[in-house]
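Student: The sequence isn't on hand, but the structure is:
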C-alpha cells in the first residue's frame, strides 16, 4: 500500500540532509511520497522535484510558515502550492531576514543570563538555509554549553525559557492567506504542541483547511481527539514525521506513514 510522510525538512531550513539525501532516505524507508516543508522557504523544492523524478519518489510542494498570535508561535503547513508565486517568494525573502534578526535577539537574551554564544556559530550551521532555533540548539551543543539539543530547548530556548524570542511578522490570517493565494492547502502543524485547541475554530474562520493529526508526539488519544475536531469542522487530516535528519536523530523519515488516500484528499481539496 502506498504511503506518504507529509512533514519533512531539508538543509534549506533546519534539516541536515540535502534534497537528494532526503529522497534517498525515502527510498530506504519505503516511503512513496514526501512533502518537503521547509521553514519559511521553498528554495529546496526544485532540487527535490528533480531528484524525486529520477528516483521515483513523489515530491509534494510544501512549506511550514511560522506565525505569531498572542505571543504564541503558530506553525502552518502549506501543501501543493505554487512555489514560484511571486507574492509568496517576495514575502519569504522578508521572513528570511526576520529570522536572521531573531537569532541576534536570542543570542542577546542568552548573553543576558551569562550564556555566551557567537552568532557566527549559528549562521555557519544554517549556511544558506533559513535559520532557526534548532540551529541555535545545535550550536550550543557544539560549543559544549549543553549536552544535547533537547537540553538547549528545555533550559534556554524553549517557548517559556529565558532565551526565547517570538517576534515573527506573520499573523495566522496572513500565513493562511499567503498559502491559499499561492494555490496551496493550509494545515495547522502539530496542534498538540500549541496547547490552545480553543484557537482552532478561529483559524477555521480564517480559512484553515486541515489539521496535522498524525505526529510522532501525538499519543493515540491525542490523534483521536484531532480526528474528531477535523470531522467537526470538516477539515482535512494530514500527518508526518517532522524529519530533520541528524538534528533530531530519534525521528526517522517515515516514522509517521499516512495512507496515500489522504494525499489524494489533499489534491481534491486543492
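Tutor: Looks like it came in fine. Computed from a predicted structure; not experimentally measured. Numbering: from 1, shown residues only.
Student: Could you tell me the phi and psi values at residue 233?
Tutor: Note on residue 233: backbone dihedrals following degrees, to the nearest 10 are phi -100, psi 10.
Student: Can you tell me the number of residues neighbouring it?
Tutor: Neighbourhood size, residue 233 [other C-beta atoms under 10 Å]: 16. For glycine as for every other residue, the C-beta is placed from the backbone atoms N, C-alpha and C.
Student: Skipping adjacent residues, who's closest to it in space?
Tutor: residue 204 (4.9 Å; C-beta to C-beta, 6 or more residues apart in numbering).
Student: can you give me the helices in this structure?
Tutor: 19-28, 45-55, 86-112, 119-126, 133-142, 149-152, 172-181, 200-206, 220-232, 260-269 (DSSP state H).
Student: got TSV for the ones you listed, with distance to residue 8 and mean pLDDT too?
Tutor: Formatted as TSV, the helices of the chain follow (distance: least, C-beta to C-beta, whole Å; pLDDT from 0 to 100):
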stretch	distance to residue 8	mean pLDDT
helix 19-28	6	98
helix 45-55	9	98
helix 86-112	18	94
helix 119-126	18	94
helix 133-142	14	95
helix 149-152	18	95
helix 172-181	17	98
helix 200-206	23	98
helix 220-232	19	97
helix 260-269	13	96
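Student: nearest to residue 253, of those helices?
Tutor: Residue 253 lies closest to helix 19-28 among these, at 4.8 Å (C-beta to C-beta).
Student: That closest one - contacts with which helices or strands?
Tutor: With contacts taken as 3 or more C-beta pairs under 8 Å, 6 or more residues apart in numbering; DSSP states H and E, helix 19-28 sits against strand 33-36, helix 45-55.
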